[in-house]
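[1] quick check, what structure comes out for this input:
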Amino acid sequence: MSAPGRVSTIARRAALRAPRTLDAAPRTFDAAPRWRPAGTAASRCFRGYRPAALTAGQRRPLSTTLRRKFASVDGSFDPSTIERESDQVDVCIVGGGPAGLSAAIKLKQLANAAGNEDFRVLLLEKAGELGDHIVSGNVVEPSALNELIPDWNSEDNPNKFEPVTPATKDKMRFLTKNSSIPIPAPPQMNNHGNYIISLNQFTKWLGERAEEVGVEVYAGFAASEMLYNPDGSVKGVATNDLGISRSGKPKDSFERGMEFHARCTLLAEGCHGSLTKQVTKKFDLRRDSQPQTYGLGIKEVWEIDPAKFESGLVVHSMGYPLPTDTYGGGWMYHFGDNMVSIGLVVGLDYPNPWLAPYGEFNKMKHHPMYKHYLEGGKCISYGARTLNEGGYQSIPKCAFPGGALIGDTAGFLNVPKIKGTHTAMRSGMLAAESAYSALSESKDSEGAVFLFDYEDKLRNSSIWKELKQVRNMRPSFHSPLGLYGGIVYSGLEAYVFRGYEPWTFKHAGKDHEATKPADQCKKIEYPKPDGKISFDILTSVSRTGTNHEEDQPVHLQVKDWDKHAEMDYPKYKGIENRFCPAGVYEYIEDETKELGVRFQINAQNCVHCKTCDIKDPSQDITWQTPQGGEGPKYVMT
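    Okay, here's the model as predicted:
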């Protein structure tokens, strides 16, 4: 049998899904792949044939699997009876954001420097291409990047990261409905030496650098299950099955998922990762930390009138449109050629169930300060994502048997600084150093390793220092001090205390617990979007490029939709419809229901922000990964 004939179904699927290849010319299945002397066909495929897969402008999970016609008339076929193919690697990284890619690059740098070129680092990313699911209003502090890739911005580097705009001017404003009051920005928000970038573009560039050093980047595969060794340590991850119908039955296109076994598994899923939730519960990683608290960031990218463009301008705002009992603020960054990133972050511990973060964002854009820049411009893209705001108090144990948490999945965002890319990258680099050292020094060539010194490295790093220094700013806004007292306290923290105070404020609790009944809160009526500066939610979702196959299990899992409505609707009057920035949840009038409404989930709209999993008062919505390659396809976010 020829070499292509020996390539397994899963391997061919992997090859077809790969977003790019570094080969000078594309190969075909007739070309001989570079076979590894050992390992599965899939592992050979990673280092061999990797063409791109594009259909109708969207990366879809393509397959060359032969159509299966199941003979079971009663539909009792159990997919779990089919054994999953597996591949063994040294380190498996879940998540292709800045943290995961930085860890992967650092690992291969260490291995290559030691002459260990066969050291296998594999990175799984659920998006069809790296960067597709990345959204951030980003002014990056380049300290970690300077260490990882020193010539990233050098004119002598032909692969330098081109689309950067140096930050030139900072503005901080407190907004009332019609005015903008200048206020002093804390020193943490001084952006001298920082750069305005699209994190979406940066992630794609960082992925190319990872492939150059030998990282096996495996986009379009959604890791959905943790695997464990008999001793309870993490063995690796498994991707989800494909070709399952909405009813849960296998279709004739069914394909079993694949297992990736590793001696060390690094979770870099970003905020509120689904696998992170599993390992956090199994290993009780939050036993010594306070609950995590979250914010929802909603963002648009605009092309504005060149006469209004101020290259390098960085603007942050507080106050309007958010009520005084809700933490959050807005931003506007001028970058590139007449491009503006504008967005609003709303703390998800807000109490009023009538509040809609998307509606607040539309109101903010109509404020005179922001409207001045947007009028006459064109909205290019839209995105939304949750972010960890708990800071120092909420950092969990980050190492567990067989792996570690890195990046925003662990919660390293510096909220007052409004930056987390540099801390995410640095945490990935520290974990990489610990992982490579542990694997190199281990006498057991097969068992999982524990990254004993990762926690120590974190505590001795700049991450720990800067998060500890600002630990009381965020929770001060929900203390008896209130909004204005929180502003005053934050000023004292920034200029006087500087983190040396002997006390540490606690967070009020979990975000969903802060929600009050609707009849105890003032109802909020939002103006109708004008279609020029503000838009209806479905128009915005159309700008995300979101796509999900309709005939698959709903990845927003609610065991009983009717029971969910009975628990939530009478008390909160449809909060799900308001907290979701993508129009996923609806309560539709239905006279056949006792409540007069029925609960509806439009999972195809989901932009993977995770707000529902965090804010739903009954906590019975669980976000799971859909089929790999699906979800948003962000541009310049």
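[2] and the closest residue to residue 242 other than its chain neighbours, how many neighbours?
    In this structure, residue 242 finds its nearest non-sequential neighbour in residue 255, 4.4 Å apart by Cβ to Cβ, 6 or more residues apart in numbering. Every residue, glycine included, has its C-beta placed from N, CA and C. Using other Cβ atoms under 10 Å, residue 255 is surrounded by 21 other residues.
[3] begin at 550 from here
    Sure, I'll start numbering at 550, so the last one becomes residue 804.
[4] against residue 785, how distant is residue 804?
    19 Å (Cβ to Cβ, to the nearest Å).
[5] and for residue 881?
    43 Å.
[6] with neighbour numbers in mind, choose between those two.
    The neighbour comparison of residue 881 against residue 785 (other Cβ under 10 Å) goes to residue 785, with 27 against 24.
[7] report the contact partners of that one.
    Each residue near residue 785 by Cβ atoms under 8 Å, 6 or more residues apart in numbering is listed here: 641, 776, 808-811, 814.
[8] in which helix or strand would I find the nearest residue to residue 753 once chain neighbours are set aside?
    Excluding the flanking residues, the one nearest residue 753 by Cβ to Cβ, 6+ apart is residue 680, at 4.2 Å. For residue 680, there is no host helix or strand (DSSP states H and E).
[9] okay, now the unreliable bits of the stretch 800-949 of the chain?
    Along the stretch 800-949 of the chain, the model assigns pLDDT under 70 to no residue.
[10] residue boundaries of the strands in it?
    Along the stretch 800-949 of the chain, counting by DSSP state E, counting those that start in this stretch, strands occupy 807-816, 843-852, 862-868, 877-884, 888-896, 927-937, 948-949.
[11] can I get the third one in CSV? Just the C-alpha atoms.
    Think strand 862-868. Extracted in CSV, the C-alpha atoms of strand 862-868 (Å, rounded to 0.1, in the frame of the first residue of the first chain):
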residue,chain,number,x,y,z
LEU,A,862,-4.5,58.3,20.8
VAL,A,863,-5.6,56.2,23.8
VAL,A,864,-8.8,57.2,25.6
HIS,A,865,-10.4,55.6,28.6
SER,A,866,-13.7,56.6,30.3
MET,A,867,-15.7,56.0,33.4
GLY,A,868,-19.2,56.9,34.5
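[12] can you pull the buried residues of stretch 755-763?
    When neighbours are counted by 16 or more other Cβ atoms under 10 Å, the buried residues of stretch 755-763 are found to be 755-756, 758-760, 762-763.
[13] three-state assignment of residue 1027?
    When classified by DSSP: H, G, I helix; E, B strand; the rest coil, residue 1027 comes out as coil.
[14] how near is it to residue 1142?
    Distance, residue 1027 to residue 1142, by Cβ to Cβ: 37 Å.
[15] remind me which residues of this protein are low pLDDT?
    In the chain (pLDDT under 70), the answer is 550-626.
[16] tell me who's in contact with the spatially most central residue of it.
    Centroid check for the chain by Cα atoms, centre = their mean gives residue 819 as the closest residue, at 3.9 Å. Contact partners of residue 819, counting by Cβ under 8 Å, 6+ apart, are 644, 646, 934, 956-958.
[17] please name the nearest non-neighbouring residue to it.
    residue 957 (5.1 Å).
[18] close enough to count as contact, the one you found and residue 937?
    Yes - Residue 957 is within contact range of residue 937, at 5.7 Å (criterion: Cβ atoms under 8 Å).
[19] more neighbours: which of those two?
    Using other Cβ under 10 Å, the more surrounded residue of residue 957 and residue 937 is residue 957, with 29 against 23.
[20] quick check: phi and psi at that one.
    phi -70, psi -20 (degrees, to the nearest 10).
[21] residues contacting it?
    Contacts of residue 957 by Cβ under 8 Å, 6+ apart are 646, 648, 819-820, 936-937, 969, 973.
[22] using CSV, lay out these together with distance to residue 897.
    Converted to CSV, these look like this (distance: Cβ to Cβ, whole Å):
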residue, distance to residue 897
646, 20
648, 22
819, 15
820, 11
936, 10
937, 11
969, 16
973, 20
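[23] nearest to residue 668 among the residues you listed?
    residue 648 (19.7 Å; Cβ to Cβ).
[24] which SS class is that closest one?
    helix.
[25] about what we covered before: and the contacts of residue 819, which of them are buried?
    Buried among the contacts of residue 819 by 16+ other Cβ under 10 Å: 644, 646, 934, 956-958.
[26] can I get the residues you listed in TSV with distance to residue 873?
    Converted to TSV, these look like this (distance: Cβ to Cβ, whole Å):
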residue	distance to residue 873
644	36
646	34
934	25
956	32
957	28
958	31
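[27] circling back: out of the strands of the stretch 800-949 of the chain, the one nearest residue 1015 is which?
    Comparing the strands of the stretch 800-949 of the chain by their distance to residue 1015 (Cβ to Cβ), the top pick is strand 927-937, with 14.8 Å.
[28] return the residues in contact with residue 973.
    646-648, 651, 817, 955-957, 961.
[29] counting neighbours, what do you get for residue 1091?
    13.
[30] quick check: it vs residue 1156, distance?
    11 Å.
[31] got it, and residue 1074?
    25 Å.
[32] what's the answer for residue 769, then?
    According to Cβ to Cβ, residue 769 and residue 1156 sit 18 Å apart.
[33] likewise for residue 1046?
    39 Å.
[34] got the contact list for stretch 1164-1172?
    821, 823, 897, 902, 1060-1061, 1064, 1104-1108, 1113, 1116-1117, 1120-1121, 1124-1125, 1128, 1157, 1159, 1161-1162.
[35] could you rerun that using 6 Å?
    With contact meaning Cβ atoms under 6 Å, 6 or more residues apart in numbering, stretch 1164-1172 is reached by 897, 1060-1061, 1064, 1105-1107, 1113, 1116-1117, 1121, 1128, 1159, 1161-1162.
[36] fine by me, thanks again.
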